[in-house]
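Student: this is the structure alone, sequence omitted:
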């Protein structure tokens, strides 16, 4: 038996499916339904420093399974996005915010999703630095 993890490549045509994710230490765990056909690489100051790659989903499609008591929030600039990180390991597995149309959303850190092969995802660059 190999100790190499099996990971799923992104589907050619994204379909909504259920993903699980967590912070590094596992204290914060979640489940989300999302169509992930790529990842968003934002160049704002925090995403650049942390190296997050994002996929967006509606708040109604996100379920925090464990670790609400382990999350701390950081807001900056216009205070539109609540960057949530684990107080034990410091990893930001997701953020919460509001889309321009007013809908509540969750920005999943694709690097924290279980079984997602990052190399298979096309990157779309977003200029968050100028906003």
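Tutor: Sure thing, it's come through. Please read these numbers as outputs of a predicted model, since none were measured by experiment.
Student: residue 111 - that's part of a helix, no?
Tutor: Yes. Assessed by DSSP: H, G, I helix; E, B strand; the rest coil, residue 111 belongs to a helix.
Student: so what's it up against?
Tutor: Contacts for residue 111 (C-beta atoms under 8 Å, 6 or more residues apart in numbering) come out as 51-53, 118. For the C-beta atoms, the positions are set from N, CA and C on the backbone; glycine is no exception.
Student: and for the helix or strand containing residue 40, what's in contact with it?
Tutor: Assigning secondary structure by DSSP states H and E places residue 40 in strand 39-42. By C-beta under 8 Å, 6+ apart, the residues outside strand 39-42 that reach it are 47-48, 52-56, 107, 110, 118, 121-126, 128.
Student: filter those residues down to the buried ones and express that as a ChimeraX selection.
Tutor: In ChimeraX, a selection of the buried entries from the contacts of strand 39-42 looks like this (16 or more other C-beta atoms under 10 Å):
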select :47,52,53,54,55,107,110,121,128
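Student: sheet partners, orientation included, of the helix or strand bottoming out on mean pLDDT in the chain?
Tutor: The helix or strand of the chain with the poorest confidence is strand 123-126; it has a mean of 82 (mean pLDDT, DSSP states H and E). According to DSSP bridges, strand 123-126 forms sheet pairs with strand 39-42 (parallel).
Student: gap between whichever helix or strand comes after the partner strand and the chain center?
Tutor: Sequence order places helix 45-50 as the next helix or strand after strand 39-42, per DSSP H and E. With C-alpha atoms, centre = their mean, to the nearest Å as the basis, helix 45-50 stands 14 Å off its chain's centre.
Student: what do you get for stretch 79-91?
Tutor: Distance of stretch 79-91 from the chain centroid (C-alpha atoms, centre = their mean) equals 11 Å.
Student: ok, residue 68 to residue 20 distance?
Tutor: According to C-beta to C-beta, to the nearest Å, residue 68 and residue 20 sit 16 Å apart.
Student: go on, residue 106?
Tutor: Residue 106 is 14 Å from residue 20, by C-beta to C-beta.
Student: swap in residue 98?
Tutor: From residue 98 to residue 20 the distance is 25 Å (C-beta to C-beta).
Student: if anything else comes up later, I'll come back, but that's it for now.
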